[in-house]
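Chemist: Take this sequence and fold it.
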Amino acid sequence: MSTTRQPPPGDLGPESDEAGPAPAASDARVRTLVLSGASGVVPLARDFTRQALHDWGWLPAPTADRRAAAEDVLLVVSELVTNACLHAEGPERLCVAYGTKALRLEVTDRGAGQPAPRTPHRAGRPGGHGMFIVQRLCLDWGVVRTPGATGKTVWAELAAPA
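Modeler: Numbering: from 1, shown residues only. Reported below is the predicted structural model:
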């Protein structure tokens, strides 16, 4: 999985407007949360995403598979926002977009670093598991940078439940 490639074509993709990614599918939904200057951003981002999943019918989950899909989304949100806090001068914005085939998460931060899974991955050691988890749970993920601007947007896509 590439961390520098532009997002793949599909139901969701970034556009240049302030609202974040605009889904191509007419029935897609987009929610944006401003995180810059907020405290407790990881639980705030999880609660925001949980509410969106509830509004979109992912929760309450009628089956174990759908419950696991929702928990995967919440875990990826936690990992992306935590990485922005620890390695990228803090998150500025979270965007959650739901299309017919995928749910896209985007965390915009002010950092210059390049996220990557730690290699080799050492499951028994504390720390360093965030991007490995993202890589394992997501269909794809990557980084979008705007030329001439500071920061980046880290995006990840998870399959919509069947």
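
Chemist: use CA for all of it now, contacts and neighbours both
Modeler: Fine.

Chemist: helix, strand or coil for the residue nearest to the spatial centre of the chain?
Modeler: Closest to where the C-alpha atoms of the chain average out (Cα atoms, centre = their mean) is residue 105, at 2.9 Å. The three-state label given to residue 105 by DSSP: H, G, I helix; E, B strand; the rest coil is strand.

Chemist: List the beta-bridge partners for it.
Modeler: Counting by DSSP bridges, residue 105 forms beta bridges with residue 96, residue 156.

Chemist: how close does it get to residue 78?
Modeler: 11 Å (Cα to Cα, to the nearest Å).

Chemist: Regarding this structure, what is its longest helix?
Modeler: helix 64-87 (DSSP state H).

Chemist: For that helix, buried residues please.
Modeler: 66, 69-70, 72-85, 87 (16 or more other Cα atoms under 10 Å).

Chemist: Once you drop chain neighbours, what's closest to residue 36?
Modeler: residue 92 (4.3 Å; Cα to Cα, 6 or more residues apart in numbering).

Chemist: residues touching the one you found, list them.
Modeler: By Cα atoms under 8 Å, 6 or more residues apart in numbering, the contact set of residue 92 is 34, 35, 36, 37, 107, 108, 109, 110.
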